[in-house]
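Chemist: sequence first, predicted coordinates after that:
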There are 2 protein chains.
Amino acid sequence: MDRFLSNGVNRIDAKGRVSVPAHFRAVLQKRGYQELYALRTLDMPAMDVGGLDLLDRYEERIGLEDPFLQTADDMSFFAHGDGAFLKLDGEGRITMTDFIREHTGIETQVAFVGRGRFFQMWEPDRFAAYREQVRARLLNLRRAATGTTPGGVPE
Amino acid sequence: MDRFLSNGVNRIDAKGRVSVPAHFRAVLQKRGYQELYALRTLDMPAMDVGGLDLLDRYEERIGLEDPFLQTADDMSFFAHGDGAFLKLDGEGRITMTDFIREHTGIETQVAFVGRGRFFQMWEPDRFAAYREQVRARLLNLRRAATGTTPGGVPE
DNA sequence: TGGGAGAACATGGGCGTCAATGGGATTAGC
DNA sequence: GCTAATCCCATTGACGCCCATGTTCTCCCA
């Protein structure tokens, strides 16, 4: 498996370290990444985390814009200025910096959430609340649509 | 990694010196720059700082303009006349001159902001305010577009 | 089927190194 | 001779690296 799936909560130790779930580390290793790129998610109190390919994708996107217009500058400001590299220690842990804590509200625990090509880090309570919001939205969509299948199984 | 990434705040000491973040210094060294070139960012209260390639980039931009028009002359004046060389001391610090302070409003602390190929220096409060503006603009872009993916990740 | 050995993983802590910062001394410039 | 810039050294705190502990899961065997 080469995608980030499932989620789990790990504890932050006295030195501010937290283990990246072994499964996520395995994915990173399979893709050959030693370093992690973390970005403050635009519209959620979470961090988007992935290998360097995540940064590459942003930079490719920025490259499509006129480099002297504001949009390109904004995108660079966001991807570079609001992003950071995270180093894994020998045990596969990363340290929760203020840079991460301020944006996410993370204090003592971290919820790791697989998102396919990348994963996210959340404060567990906020994640639970957000998950419920998402479920509610999806449920409304389902109800609004015609031809739904009872039992929640799509055709 | 050879890109300027992430942001952090360092303090200015009684002599007007401030440490350039070690990560940024490592990038500079990897790129082989002994000297730093800083210029006043055109539309922000910040300094753009990088190696000599920063100057190249501006000159490339100037090259796109008609040399008979005033715009090219203005840009040239700006890039060459509103820039300064910064020297790193033995500990990797630079001195905050009035040239920098006047344009940025920097007084006691400096926010270093990675921008990929270069980095910026901001007064920390102004940086925080500008960052929120950028995030708001990007959020509007996202909402205006169709087929967006939550989480700020382009497909 | 229950238990036990072992492996994998999360977690905790010691210690050395390096970065950020502060201050004194020395040199250059006016 | 005074100010300011530069160099050198000291301190402190954070971080990286290494090893130890504990817990859970798996697999194997009785």
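Modeler: Yep, it's here.

Chemist: close to DNA strand C, is stretch A:111-127?
Modeler: No - using C-beta under 7 Å from any atom of the strand, stretch A:111-127 never reaches DNA strand C; the gap is at least 8.6 Å. In short, each C-beta sits where N, CA and C put it, glycine included.

Chemist: residue numbers of chain A in contact with DNA strand D?
Modeler: A:15-16, A:87, A:89-91, A:95, A:97.

Chemist: what about those, which are in strands?
Modeler: Among those, the ones falling in strands (DSSP state E) are A:87, A:95.

Chemist: identify the farthest-apart pair in the residues of chain A next to DNA strand D.
Modeler: Between any two of the residues of chain A next to DNA strand D, the greatest separation by C-beta to C-beta is 18.8 Å, found for A:90 and A:97.

Chemist: the two: which has the busier surroundings?
Modeler: Per other C-beta atoms under 10 Å in any protein chain shown, whichever of residue A:90 and residue A:97 has more neighbours is residue A:97, with 14 against 5.

Chemist: interface residues of chain A facing DNA strand C?
Modeler: A:8, A:10-11, A:13-15, A:18-22, A:25-26, A:91-93.

Chemist: those residues: which two are farthest apart?
Modeler: The farthest-apart pair in the residues of chain A next to DNA strand C, when distances are taken by C-beta to C-beta, is A:14 and A:26, at 26.9 Å.

Chemist: higher neighbour count, those two?
Modeler: Between residue A:14 and residue A:26, counted using other C-beta under 10 Å, residue A:26 has the larger neighbour count: 13 against 5.

Chemist: in contact with residue A:24, which residues?
Modeler: A:4, A:112, A:114, A:119 (C-beta atoms under 8 Å, 6 or more residues apart in numbering or on different chains).

Chemist: am I right that residue A:111 sits in a strand?
Modeler: Yes - if the criterion is DSSP: H, G, I helix; E, B strand; the rest coil, then residue A:111 is within a strand.

Chemist: pLDDT at it, what is it?
Modeler: The per-residue pLDDT reported for residue A:111 equals 96.

Chemist: show me where chain A has helices.
Modeler: Remark: helices assigned in chain A by DSSP state H are A:22-31, A:52-63, A:70-76, A:98-104, A:124-144.

Chemist: could I get those as CSV with mean pLDDT?
Modeler: Below are the helices of chain A laid out as CSV (pLDDT from 0 to 100):
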stretch, mean pLDDT
helix A:22-31, 91
helix A:52-63, 93
helix A:70-76, 94
helix A:98-104, 94
helix A:124-144, 91
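
Chemist: between those, which one is nearest to residue B:38?
Modeler: Taking C-beta to C-beta, helix A:70-76 is the member of these nearest to residue B:38, at 17.6 Å.
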